[in-house]
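Participant: quick one, structure for this:
(6 chains)
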Number of protein chains: 4
Amino acid sequence: MLLNLDLRSSMPIYEQIKLGILGKILNGELKRDDVLPSIRELASILRVNPNTVIRAYKELEIEGILIARQGIGFLVNAEIQTTRGIFMAVLQKELLEPIRKAKRSGIELEEIIEVVKELWKNTE
Amino acid sequence: MLLNLDLRSSMPIYEQIKLGILGKILNGELKRDDVLPSIRELASILRVNPNTVIRAYKELEIEGILIARQGIGFLVNAEIQTTRGIFMAVLQKELLEPIRKAKRSGIELEEIIEVVKELWKNTE
Amino acid sequence: MLLNLDLRSSMPIYEQIKLGILGKILNGELKRDDVLPSIRELASILRVNPNTVIRAYKELEIEGILIARQGIGFLVNAEIQTTRGIFMAVLQKELLEPIRKAKRSGIELEEIIEVVKELWKNTE
Amino acid sequence: MLLNLDLRSSMPIYEQIKLGILGKILNGELKRDDVLPSIRELASILRVNPNTVIRAYKELEIEGILIARQGIGFLVNAEIQTTRGIFMAVLQKELLEPIRKAKRSGIELEEIIEVVKELWKNTE
DNA sequence: GTGGTCTAGACCACT
DNA sequence: GTGGTCTAGACCACC
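Facilitator: Modelled structure (predicted):
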(Lines give C-alpha, C1' and ligand atoms only; values in the text may rest on other atoms or scores of the structure.)
Protein backbone atom coordinates (compact mmCIF):
# COMPACT_ATOMS: atom_id res chain seq x y z
CA MET A 1 0.00 0.00 0.00
CA LEU A 2 1.61 3.20 -1.21
CA LEU A 3 0.75 6.36 0.67
CA ASN A 4 2.93 9.26 -0.53
CA LEU A 5 4.13 10.52 2.81
CA ASP A 6 5.77 13.92 3.02
CA LEU A 7 8.14 13.71 5.95
CA ARG A 8 8.93 17.41 5.65
CA SER A 9 5.33 18.51 5.94
CA SER A 10 4.16 20.07 9.16
CA MET A 11 1.29 17.60 9.17
CA PRO A 12 2.17 14.72 11.52
CA ILE A 13 2.99 11.46 9.82
CA TYR A 14 0.20 9.58 11.60
CA GLU A 15 -2.22 12.19 10.26
CA GLN A 16 -0.97 11.67 6.74
CA ILE A 17 -1.39 7.93 7.11
CA LYS A 18 -4.95 8.41 8.37
CA LEU A 19 -5.77 10.65 5.44
CA GLY A 20 -4.24 8.24 2.97
CA ILE A 21 -6.36 5.38 4.24
CA LEU A 22 -9.51 7.51 4.31
CA GLY A 23 -8.77 8.50 0.73
CA LYS A 24 -8.41 4.88 -0.35
CA ILE A 25 -11.76 4.07 1.23
CA LEU A 26 -13.33 7.08 -0.45
CA ASN A 27 -12.04 6.14 -3.90
CA GLY A 28 -13.04 2.52 -3.50
CA GLU A 29 -9.56 1.05 -3.31
CA LEU A 30 -10.42 -0.25 0.14
CA LYS A 31 -13.82 -1.77 0.87
CA ARG A 32 -15.69 -2.89 3.99
CA ASP A 33 -14.09 -5.97 5.60
CA ASP A 34 -10.85 -5.57 3.68
CA VAL A 35 -7.82 -6.27 5.86
CA LEU A 36 -5.25 -3.51 6.05
CA PRO A 37 -1.51 -4.20 5.94
CA SER A 38 -0.32 -5.23 9.38
CA ILE A 39 1.19 -2.58 11.59
CA ARG A 40 4.68 -3.96 11.21
CA GLU A 41 4.32 -4.40 7.48
CA LEU A 42 3.04 -0.89 6.79
CA ALA A 43 5.65 0.56 9.13
CA SER A 44 8.33 -1.26 7.18
CA ILE A 45 6.93 -0.16 3.82
CA LEU A 46 6.67 3.48 4.84
CA ARG A 47 9.95 3.34 6.75
CA VAL A 48 8.39 4.74 9.90
CA ASN A 49 8.16 3.42 13.43
CA PRO A 50 5.40 0.89 14.15
CA ASN A 51 4.09 3.18 16.89
CA THR A 52 3.35 5.82 14.30
CA VAL A 53 1.26 3.39 12.30
CA ILE A 54 -0.41 2.19 15.50
CA ARG A 55 -1.48 5.72 16.28
CA ALA A 56 -3.02 6.21 12.84
CA TYR A 57 -4.85 2.87 12.95
CA LYS A 58 -6.10 3.36 16.49
CA GLU A 59 -7.47 6.83 15.83
CA LEU A 60 -9.30 5.52 12.81
CA GLU A 61 -10.63 2.76 15.03
CA ILE A 62 -11.91 5.31 17.56
CA GLU A 63 -13.58 7.20 14.73
CA GLY A 64 -15.32 3.99 13.71
CA ILE A 65 -13.53 3.67 10.37
CA LEU A 66 -11.47 0.60 11.24
CA ILE A 67 -11.87 -2.37 13.53
CA ALA A 68 -8.98 -4.11 15.30
CA ARG A 69 -8.95 -7.88 15.74
CA GLN A 70 -6.23 -9.65 17.65
CA GLY A 71 -4.35 -12.13 15.56
CA ILE A 72 -6.05 -10.94 12.38
CA GLY A 73 -5.34 -7.28 11.85
CA PHE A 74 -7.29 -4.13 11.13
CA LEU A 75 -10.44 -4.36 9.02
CA VAL A 76 -12.25 -1.62 7.16
CA ASN A 77 -15.55 -1.04 8.93
CA ALA A 78 -17.03 1.99 7.21
CA GLU A 79 -18.86 2.23 3.95
CA ILE A 80 -17.90 4.97 1.51
CA GLN A 81 -20.97 6.95 2.48
CA THR A 82 -20.15 7.00 6.15
CA THR A 83 -16.54 7.87 5.51
CA ARG A 84 -17.52 10.69 3.24
CA GLY A 85 -19.89 12.04 5.85
CA ILE A 86 -17.21 11.99 8.52
CA PHE A 87 -14.81 13.66 6.18
CA MET A 88 -17.17 16.46 5.31
CA ALA A 89 -17.98 17.04 8.97
CA VAL A 90 -14.30 17.37 9.79
CA LEU A 91 -13.79 19.72 6.87
CA GLN A 92 -16.68 21.85 8.02
CA LYS A 93 -15.32 22.03 11.53
CA GLU A 94 -11.89 23.04 10.29
CA LEU A 95 -13.21 25.79 8.06
CA LEU A 96 -15.60 27.26 10.62
CA GLU A 97 -13.17 29.39 12.62
CA PRO A 98 -11.20 30.92 9.74
CA ILE A 99 -14.39 31.85 7.91
CA ARG A 100 -15.98 33.31 11.01
CA LYS A 101 -12.95 35.46 11.61
CA ALA A 102 -12.83 36.59 8.00
CA LYS A 103 -16.47 37.57 8.05
CA ARG A 104 -16.03 39.54 11.26
CA SER A 105 -13.12 41.43 9.76
CA GLY A 106 -15.02 42.54 6.72
CA ILE A 107 -13.69 40.03 4.18
CA GLU A 108 -16.32 39.24 1.56
CA LEU A 109 -17.57 35.75 0.69
CA GLU A 110 -16.34 36.14 -2.88
CA GLU A 111 -12.83 36.87 -1.67
CA ILE A 112 -12.76 33.73 0.43
CA ILE A 113 -13.96 31.62 -2.46
CA GLU A 114 -11.25 33.19 -4.58
CA VAL A 115 -8.66 32.14 -2.00
CA VAL A 116 -10.09 28.63 -1.89
CA LYS A 117 -9.90 28.30 -5.67
CA GLU A 118 -6.35 29.61 -5.68
CA LEU A 119 -5.26 27.15 -3.01
CA TRP A 120 -6.99 24.31 -4.80
CA LYS A 121 -5.16 25.09 -8.02
CA ASN A 122 -1.75 25.26 -6.37
CA THR A 123 -2.20 22.14 -4.30
CA GLU A 124 -1.02 18.78 -5.40
CA MET B 1 -9.25 45.93 24.74
CA LEU B 2 -11.41 42.85 24.54
CA LEU B 3 -10.20 40.11 22.25
CA ASN B 4 -12.40 37.04 22.61
CA LEU B 5 -9.63 34.54 23.16
CA ASP B 6 -10.52 30.88 22.94
CA LEU B 7 -8.17 29.24 25.40
CA ARG B 8 -9.50 25.88 24.32
CA SER B 9 -8.64 26.35 20.67
CA SER B 10 -5.67 24.58 19.14
CA MET B 11 -4.53 27.92 17.72
CA PRO B 12 -1.70 29.34 19.84
CA ILE B 13 -2.79 32.20 22.04
CA TYR B 14 -0.23 34.63 20.65
CA GLU B 15 -1.67 33.89 17.20
CA GLN B 16 -5.17 34.68 18.43
CA ILE B 17 -3.95 37.95 19.91
CA LYS B 18 -2.27 38.90 16.64
CA LEU B 19 -5.44 38.14 14.71
CA GLY B 20 -7.55 40.06 17.15
CA ILE B 21 -5.42 43.17 16.76
CA LEU B 22 -5.37 42.82 12.98
CA GLY B 23 -9.13 42.50 13.01
CA LYS B 24 -9.52 45.68 15.05
CA ILE B 25 -7.33 47.56 12.57
CA LEU B 26 -9.35 46.15 9.70
CA ASN B 27 -12.70 47.21 11.09
CA GLY B 28 -11.41 50.66 12.02
CA GLU B 29 -11.44 50.21 15.78
CA LEU B 30 -7.70 50.84 15.78
CA LYS B 31 -6.15 53.50 13.52
CA ARG B 32 -2.63 54.52 12.54
CA ASP B 33 -0.71 56.00 15.49
CA ASP B 34 -3.12 54.65 18.09
CA VAL B 35 -1.31 53.31 21.15
CA LEU B 36 -1.94 49.72 22.12
CA PRO B 37 -2.44 48.66 25.74
CA SER B 38 0.84 48.01 27.49
CA ILE B 39 2.09 44.45 27.55
CA ARG B 40 1.43 44.02 31.23
CA GLU B 41 -1.97 45.64 30.98
CA LEU B 42 -3.14 43.48 28.09
CA ALA B 43 -1.70 40.38 29.73
CA SER B 44 -3.64 41.18 32.85
CA ILE B 45 -6.87 41.86 30.93
CA LEU B 46 -6.61 38.65 28.93
CA ARG B 47 -5.29 36.68 31.92
CA VAL B 48 -2.39 35.29 29.94
CA ASN B 49 1.34 35.28 30.48
CA PRO B 50 3.05 38.58 29.55
CA ASN B 51 5.48 36.59 27.40
CA THR B 52 2.54 35.60 25.22
CA VAL B 53 1.56 39.22 24.63
CA ILE B 54 5.18 40.13 23.99
CA ARG B 55 5.39 37.49 21.30
CA ALA B 56 2.26 38.77 19.59
CA TYR B 57 3.41 42.41 19.65
CA LYS B 58 6.92 41.55 18.50
CA GLU B 59 5.73 39.50 15.56
CA LEU B 60 3.34 42.25 14.52
CA GLU B 61 6.27 44.64 14.78
CA ILE B 62 8.39 42.43 12.52
CA GLU B 63 5.52 42.30 10.03
CA GLY B 64 5.43 46.10 10.03
CA ILE B 65 1.97 46.38 11.59
CA LEU B 66 3.14 47.84 14.87
CA ILE B 67 6.03 50.04 15.91
CA ALA B 68 7.69 49.98 19.32
CA ARG B 69 8.54 53.36 20.84
CA GLN B 70 10.58 53.61 24.01
CA GLY B 71 8.60 55.02 26.88
CA ILE B 72 5.35 55.04 24.91
CA GLY B 73 4.65 51.48 23.93
CA PHE B 74 3.45 49.92 20.71
CA LEU B 75 1.78 52.09 18.06
CA VAL B 76 -0.30 51.06 15.07
CA ASN B 77 1.80 51.61 11.98
CA ALA B 78 -0.22 50.06 9.19
CA GLU B 79 -3.06 51.37 7.06
CA ILE B 80 -6.10 49.24 6.47
CA GLN B 81 -4.83 48.24 3.06
CA THR B 82 -1.63 46.67 4.34
CA THR B 83 -3.47 44.97 7.13
CA ARG B 84 -5.93 43.55 4.69
CA GLY B 85 -3.12 41.93 2.72
CA ILE B 86 -1.69 40.35 5.82
CA PHE B 87 -5.10 39.16 6.89
CA MET B 88 -5.64 37.48 3.58
CA ALA B 89 -2.26 35.79 3.91
CA VAL B 90 -3.26 34.44 7.31
CA LEU B 91 -6.56 33.23 5.93
CA GLN B 92 -4.73 31.51 3.11
CA LYS B 93 -2.42 29.82 5.57
CA GLU B 94 -5.34 28.61 7.65
CA LEU B 95 -7.23 27.21 4.72
CA LEU B 96 -4.22 25.50 3.14
CA GLU B 97 -4.17 22.30 5.18
CA PRO B 98 -7.91 21.54 5.19
CA ILE B 99 -8.10 22.06 1.44
CA ARG B 100 -5.05 19.96 0.76
CA LYS B 101 -6.56 17.18 2.85
CA ALA B 102 -9.86 17.40 1.04
CA LYS B 103 -8.27 17.37 -2.40
CA ARG B 104 -6.13 14.35 -1.56
CA SER B 105 -9.21 12.48 -0.41
CA GLY B 106 -11.18 13.01 -3.56
CA ILE B 107 -13.44 15.85 -2.44
CA GLU B 108 -14.27 18.16 -5.35
CA LEU B 109 -13.64 21.91 -5.43
CA GLU B 110 -17.34 22.58 -5.88
CA GLU B 111 -18.15 20.65 -2.71
CA ILE B 112 -15.69 22.72 -0.69
CA ILE B 113 -17.11 25.97 -2.03
CA GLU B 114 -20.54 24.71 -1.11
CA VAL B 115 -19.38 24.11 2.44
CA VAL B 116 -17.79 27.57 2.58
CA LYS B 117 -21.01 29.22 1.42
CA GLU B 118 -23.00 27.26 3.93
CA LEU B 119 -20.71 28.23 6.79
CA TRP B 120 -20.74 31.84 5.68
CA LYS B 121 -24.50 31.91 5.69
CA ASN B 122 -24.82 30.35 9.14
CA THR B 123 -22.15 32.46 10.77
CA GLU B 124 -22.78 35.15 13.33
CA MET C 1 -24.60 -25.28 14.21
CA LEU C 2 -25.18 -21.55 14.07
CA LEU C 3 -23.50 -19.49 16.74
CA ASN C 4 -24.02 -15.79 16.03
CA LEU C 5 -20.39 -14.77 16.31
CA ASP C 6 -19.64 -11.08 16.50
CA LEU C 7 -16.28 -10.74 14.81
CA ARG C 8 -16.22 -7.06 15.72
CA SER C 9 -16.59 -7.67 19.41
CA SER C 10 -13.62 -7.31 21.70
CA MET C 11 -14.45 -10.71 23.19
CA PRO C 12 -12.07 -13.35 21.77
CA ILE C 13 -13.70 -15.57 19.21
CA TYR C 14 -12.86 -18.78 21.05
CA GLU C 15 -14.65 -17.32 24.06
CA GLN C 16 -17.73 -16.59 22.00
CA ILE C 17 -17.71 -20.14 20.66
CA LYS C 18 -17.46 -21.54 24.18
CA LEU C 19 -20.35 -19.38 25.34
CA GLY C 20 -22.42 -20.33 22.33
CA ILE C 21 -22.00 -24.03 23.04
CA LEU C 22 -22.73 -23.55 26.74
CA GLY C 23 -25.86 -21.65 25.82
CA LYS C 24 -27.06 -24.45 23.57
CA ILE C 25 -26.56 -26.94 26.38
CA LEU C 26 -28.42 -24.65 28.77
CA ASN C 27 -31.45 -24.23 26.54
CA GLY C 28 -31.55 -27.94 25.73
CA GLU C 29 -30.50 -27.76 22.11
CA LEU C 30 -27.50 -29.92 23.00
CA LYS C 31 -27.84 -32.87 25.40
CA ARG C 32 -25.46 -35.24 27.15
CA ASP C 33 -23.69 -37.57 24.68
CA ASP C 34 -24.59 -35.47 21.65
CA VAL C 35 -21.70 -35.21 19.20
CA LEU C 36 -20.48 -31.76 18.33
CA PRO C 37 -19.58 -30.76 14.76
CA SER C 38 -16.01 -31.70 13.88
CA ILE C 39 -13.40 -29.02 14.34
CA ARG C 40 -12.90 -28.56 10.62
CA GLU C 41 -16.61 -28.50 9.94
CA LEU C 42 -17.40 -25.93 12.59
CA ALA C 43 -14.41 -23.83 11.56
CA SER C 44 -15.69 -23.90 8.00
CA ILE C 45 -19.25 -22.99 9.03
CA LEU C 46 -18.14 -20.13 11.23
CA ARG C 47 -15.43 -19.05 8.78
CA VAL C 48 -12.79 -18.97 11.47
CA ASN C 49 -9.41 -20.59 11.84
CA PRO C 50 -9.56 -24.25 12.97
CA ASN C 51 -7.11 -23.37 15.75
CA THR C 52 -9.75 -21.10 17.21
CA VAL C 53 -12.30 -23.90 17.35
CA ILE C 54 -9.70 -26.25 18.79
CA ARG C 55 -9.03 -23.80 21.59
CA ALA C 56 -12.74 -23.52 22.41
CA TYR C 57 -13.26 -27.30 22.42
CA LYS C 58 -10.12 -27.97 24.43
CA GLU C 59 -11.00 -25.47 27.11
CA LEU C 60 -14.51 -26.87 27.39
CA GLU C 61 -12.90 -30.30 27.70
CA ILE C 62 -10.68 -29.08 30.52
CA GLU C 63 -13.71 -27.60 32.25
CA GLY C 64 -15.41 -30.97 31.99
CA ILE C 65 -18.17 -29.84 29.65
CA LEU C 66 -16.98 -31.83 26.65
CA ILE C 67 -15.18 -35.12 26.21
CA ALA C 68 -12.86 -35.95 23.32
CA ARG C 69 -13.20 -39.45 21.85
CA GLN C 70 -10.76 -40.70 19.25
CA GLY C 71 -12.42 -41.26 15.89
CA ILE C 72 -15.71 -39.81 17.04
CA GLY C 73 -15.05 -36.24 18.06
CA PHE C 74 -16.21 -34.15 20.97
CA LEU C 75 -19.23 -35.24 23.02
CA VAL C 76 -21.33 -33.27 25.44
CA ASN C 77 -20.50 -34.49 28.93
CA ALA C 78 -22.27 -32.07 31.23
CA GLU C 79 -25.80 -31.90 32.54
CA ILE C 80 -27.67 -28.64 32.49
CA GLN C 81 -26.95 -28.06 36.17
CA THR C 82 -23.17 -28.15 35.78
CA THR C 83 -23.38 -25.94 32.73
CA ARG C 84 -25.44 -23.45 34.58
CA GLY C 85 -22.77 -23.11 37.23
CA ILE C 86 -20.11 -22.49 34.64
CA PHE C 87 -22.32 -19.99 32.89
CA MET C 88 -22.82 -18.04 36.07
CA ALA C 89 -19.07 -18.03 36.61
CA VAL C 90 -18.55 -16.56 33.15
CA LEU C 91 -21.19 -13.94 33.79
CA GLN C 92 -19.51 -13.05 37.02
CA LYS C 93 -16.19 -12.69 35.27
CA GLU C 94 -17.69 -10.41 32.65
CA LEU C 95 -19.40 -8.16 35.15
CA LEU C 96 -16.42 -7.87 37.46
CA GLU C 97 -14.48 -5.13 35.67
CA PRO C 98 -17.40 -2.81 34.86
CA ILE C 99 -18.68 -3.00 38.41
CA ARG C 100 -15.27 -2.42 39.89
CA LYS C 101 -14.87 0.63 37.70
CA ALA C 102 -18.26 1.97 38.69
CA LYS C 103 -17.67 1.49 42.39
CA ARG C 104 -14.30 3.22 42.24
CA SER C 105 -15.89 6.19 40.53
CA GLY C 106 -18.55 6.74 43.09
CA ILE C 107 -21.50 5.13 41.32
CA GLU C 108 -23.93 3.57 43.81
CA LEU C 109 -25.04 -0.06 43.81
CA GLU C 110 -28.65 0.99 43.33
CA GLU C 111 -27.77 2.88 40.18
CA ILE C 112 -26.07 -0.15 38.68
CA ILE C 113 -29.02 -2.37 39.46
CA GLU C 114 -31.25 0.23 37.84
CA VAL C 115 -29.14 0.06 34.70
CA VAL C 116 -29.24 -3.74 34.75
CA LYS C 117 -33.02 -3.76 35.02
CA GLU C 118 -33.30 -1.24 32.23
CA LEU C 119 -31.09 -3.28 29.94
CA TRP C 120 -32.94 -6.47 30.79
CA LYS C 121 -36.24 -4.86 29.89
CA ASN C 122 -35.02 -3.52 26.58
CA THR C 123 -33.23 -6.67 25.49
CA GLU C 124 -34.45 -8.94 22.72
CA MET D 1 -2.32 13.27 43.13
CA LEU D 2 -2.64 9.76 44.49
CA LEU D 3 -4.36 7.21 42.30
CA ASN D 4 -4.04 3.74 43.81
CA LEU D 5 -2.74 1.89 40.77
CA ASP D 6 -2.80 -1.89 40.76
CA LEU D 7 0.06 -2.93 38.50
CA ARG D 8 -0.97 -6.57 38.74
CA SER D 9 -4.49 -5.96 37.53
CA SER D 10 -5.42 -7.03 34.04
CA MET D 11 -6.81 -3.55 33.50
CA PRO D 12 -4.23 -1.49 31.62
CA ILE D 13 -2.48 1.16 33.65
CA TYR D 14 -3.61 3.97 31.38
CA GLU D 15 -7.20 2.80 31.94
CA GLN D 16 -6.73 2.89 35.69
CA ILE D 17 -5.35 6.40 35.44
CA LYS D 18 -8.34 7.47 33.35
CA LEU D 19 -10.73 5.99 35.87
CA GLY D 20 -8.91 7.60 38.75
CA ILE D 21 -9.20 11.03 37.18
CA LEU D 22 -12.85 10.51 36.25
CA GLY D 23 -13.48 9.48 39.83
CA LYS D 24 -11.84 12.63 41.18
CA ILE D 25 -14.02 14.76 38.89
CA LEU D 26 -17.08 12.84 39.98
CA ASN D 27 -16.41 13.30 43.68
CA GLY D 28 -15.58 16.97 43.24
CA GLU D 29 -11.86 16.74 44.00
CA LEU D 30 -11.19 18.10 40.50
CA LYS D 31 -13.29 20.90 39.08
CA ARG D 32 -13.67 22.57 35.67
CA ASP D 33 -10.57 24.55 34.67
CA ASP D 34 -8.37 22.86 37.27
CA VAL D 35 -4.93 22.01 35.92
CA LEU D 36 -3.88 18.40 36.19
CA PRO D 37 -0.36 17.39 37.24
CA SER D 38 1.94 17.61 34.24
CA ILE D 39 2.61 14.45 32.28
CA ARG D 40 6.15 14.14 33.57
CA GLU D 41 5.11 14.91 37.12
CA LEU D 42 2.31 12.38 37.32
CA ALA D 43 4.49 9.79 35.58
CA SER D 44 7.14 10.34 38.20
CA ILE D 45 4.64 10.17 41.08
CA LEU D 46 3.04 6.96 39.80
CA ARG D 47 6.40 5.53 38.75
CA VAL D 48 5.18 4.78 35.25
CA ASN D 49 6.41 5.87 31.84
CA PRO D 50 5.31 9.32 30.64
CA ASN D 51 3.83 7.69 27.53
CA THR D 52 1.41 5.80 29.73
CA VAL D 53 0.19 9.02 31.31
CA ILE D 54 0.04 10.65 27.88
CA ARG D 55 -2.25 7.92 26.67
CA ALA D 56 -4.62 8.36 29.60
CA TYR D 57 -4.70 12.14 29.25
CA LYS D 58 -5.16 12.06 25.48
CA GLU D 59 -8.03 9.59 25.60
CA LEU D 60 -9.75 11.73 28.19
CA GLU D 61 -9.16 14.67 25.87
CA ILE D 62 -10.78 12.82 22.97
CA GLU D 63 -13.73 12.02 25.20
CA GLY D 64 -14.07 15.71 25.97
CA ILE D 65 -13.18 15.40 29.65
CA LEU D 66 -9.83 17.19 29.46
CA ILE D 67 -8.32 19.90 27.29
CA ALA D 68 -4.64 20.12 26.38
CA ARG D 69 -2.86 23.45 26.18
CA GLN D 70 0.73 23.75 25.06
CA GLY D 71 2.96 25.23 27.69
CA ILE D 72 0.19 25.08 30.30
CA GLY D 73 -0.90 21.52 30.78
CA PHE D 74 -4.15 19.58 30.81
CA LEU D 75 -7.28 21.29 32.12
CA VAL D 76 -10.50 19.74 33.34
CA ASN D 77 -13.19 20.58 30.81
CA ALA D 78 -16.21 18.61 31.95
CA GLU D 79 -18.71 19.38 34.65
CA ILE D 80 -19.65 16.63 37.07
CA GLN D 81 -22.95 16.15 35.30
CA THR D 82 -21.37 15.54 31.92
CA THR D 83 -18.77 13.22 33.35
CA ARG D 84 -21.41 11.24 35.14
CA GLY D 85 -23.42 10.95 31.97
CA ILE D 86 -20.44 9.66 30.01
CA PHE D 87 -19.68 7.22 32.76
CA MET D 88 -23.18 5.80 32.87
CA ALA D 89 -23.25 5.46 29.10
CA VAL D 90 -20.01 3.48 29.15
CA LEU D 91 -21.31 1.30 31.96
CA GLN D 92 -24.49 0.60 30.04
CA LYS D 93 -22.55 -0.33 26.93
CA GLU D 94 -20.33 -2.70 28.88
CA LEU D 95 -23.21 -4.46 30.58
CA LEU D 96 -25.30 -4.86 27.45
CA GLU D 97 -23.68 -7.96 25.96
CA PRO D 98 -23.31 -10.04 29.14
CA ILE D 99 -26.92 -9.38 30.09
CA ARG D 100 -28.21 -10.15 26.63
CA LYS D 101 -26.38 -13.46 26.63
CA ALA D 102 -27.61 -14.33 30.10
CA LYS D 103 -31.20 -13.61 29.15
CA ARG D 104 -30.92 -15.73 26.02
CA SER D 105 -29.59 -18.64 28.05
CA GLY D 106 -32.42 -18.63 30.50
CA ILE D 107 -30.78 -16.84 33.41
CA GLU D 108 -33.31 -14.82 35.41
CA LEU D 109 -33.08 -11.10 36.16
CA GLU D 110 -33.01 -11.79 39.88
CA GLU D 111 -30.01 -14.06 39.49
CA ILE D 112 -28.09 -11.37 37.65
CA ILE D 113 -28.87 -8.80 40.30
CA GLU D 114 -27.70 -11.28 42.90
CA VAL D 115 -24.40 -11.61 41.05
CA VAL D 116 -24.06 -7.84 40.82
CA LYS D 117 -24.64 -7.42 44.55
CA GLU D 118 -22.14 -10.16 45.30
CA LEU D 119 -19.49 -8.56 43.10
CA TRP D 120 -20.17 -5.16 44.60
CA LYS D 121 -19.67 -6.51 48.11
CA ASN D 122 -16.40 -8.24 47.30
CA THR D 123 -14.95 -5.34 45.36
CA GLU D 124 -12.73 -2.75 46.87
C1' DG E 1 8.60 24.77 32.48
C1' DT E 2 4.59 22.59 29.34
C1' DG E 3 2.47 19.22 25.65
C1' DG E 4 3.19 16.97 20.59
C1' DT E 5 5.52 13.81 17.85
C1' DC E 6 8.52 10.16 16.77
C1' DT E 7 11.91 6.31 17.32
C1' DA E 8 13.50 1.76 19.29
C1' DG E 9 12.40 -2.18 21.33
C1' DA E 10 10.31 -5.20 25.07
C1' DC E 11 6.57 -8.75 26.59
C1' DC E 12 1.87 -10.43 26.34
C1' DA E 13 -2.63 -12.52 24.44
C1' DC E 14 -5.00 -14.12 20.34
C1' DT E 15 -5.60 -16.52 15.62
C1' DG F 1 1.91 -14.43 12.32
C1' DT F 2 -1.40 -10.57 14.44
C1' DG F 3 -2.62 -6.42 17.69
C1' DG F 4 -2.22 -4.42 22.91
C1' DT F 5 0.54 -2.48 26.30
C1' DC F 6 4.49 -0.48 28.26
C1' DT F 7 9.27 1.44 28.78
C1' DA F 8 13.14 4.70 27.52
C1' DG F 9 14.43 8.61 25.47
C1' DA F 10 14.86 12.02 21.52
C1' DC F 11 13.55 16.79 19.34
C1' DC F 12 10.19 20.38 18.58
C1' DA F 13 6.76 24.36 19.49
C1' DC F 14 4.54 27.01 23.01
C1' DC F 15 3.90 29.65 27.48
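Participant: residue A:67 - that's part of a helix, no?
Facilitator: No: assignment of residue A:67 by DSSP: H, G, I helix; E, B strand; the rest coil gives strand, placing it outside any helix.
Participant: my read is that it contacts residue A:75, right?
Facilitator: Yes: applying CB atoms under 8 Å as the test, residue A:67 and residue A:75 come out as touching, 4.8 Å apart. The way it works is simple: take the backbone N, C-alpha and C, and place the C-beta from them, glycine included.
Participant: just give the number of residues close to the residue in chain A positioned nearest to chain C.
Facilitator: In chain A, the residue that lies nearest chain C is residue A:67 (5.2 Å; CB to the nearest CB). Residues near residue A:67, counting by other CB atoms under 10 Å in any protein chain shown, number 19.
Participant: check contacts around it.
Facilitator: A:61, A:74-77, C:8 (CB atoms under 8 Å, 6 or more residues apart in numbering or on different chains).
Participant: so where do the strands sit in chain A?
Facilitator: Per DSSP state E, chain A carries strands over the ranges A:66-69, A:73-76.
Participant: could you dump the ones you listed into CSV with distance to residue B:23 and mean pLDDT added?
Facilitator: Formatted as CSV, those follow (distance: least, CB to CB, whole Å; pLDDT from 0 to 100):
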stretch, distance to residue B:23, mean pLDDT
strand A:66-69, 41, 91
strand A:73-76, 44, 93
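Participant: quick one: the residue in chain A that DNA strand E sits nearest to from residue C:52, how far?
Facilitator: Nearest residue of chain A to DNA strand E (CB to the nearest atom of the strand) works out as residue A:71 at 2.2 Å. Separation of residue A:71 from residue C:52 (CB to CB, to the nearest Å) stands at 9 Å.
Participant: higher neighbour count, these two?
Facilitator: Legend: neighbour count by other CB under 10 Å for residue A:71 and residue C:52, higher for residue C:52 (21 against 9).
Participant: separation between that one and chain A?
Facilitator: Counting by CB to the nearest CB, to the nearest Å, the separation of residue C:52 from chain A is 9 Å.
Participant: I figured that residue hits residue C:15, correct?
Facilitator: No: counting by CB under 8 Å, residue C:52 stays clear of residue C:15, with 10.0 Å between them.
Participant: what bridges to the nearest residue to residue A:61 once chain neighbours are set aside?
Facilitator: Leaving aside its chain neighbours, residue A:61 sits nearest to residue A:68 (5.4 Å; criterion: CB to CB, 6 or more residues apart in numbering or on different chains). On the basis of DSSP bridges, residue A:68 is bridged to residue A:74.
Participant: what's near enough to touch residue A:68?
Facilitator: Counting by CB under 8 Å, 6+ apart, residue A:68 makes contact with A:57-58, A:61, A:74.
Participant: let me have the residues you listed in TSV, extended by distance to residue B:22 and neighbour count.
Facilitator: Shown next, in TSV, are those (distance: CB to CB, whole Å; neighbours: other CB atoms under 10 Å in any protein chain shown):
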residue	distance to residue B:22	neighbour count
A:57	40	24
A:58	39	17
A:61	40	15
A:74	44	25
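Participant: I appreciate the help and will end here.
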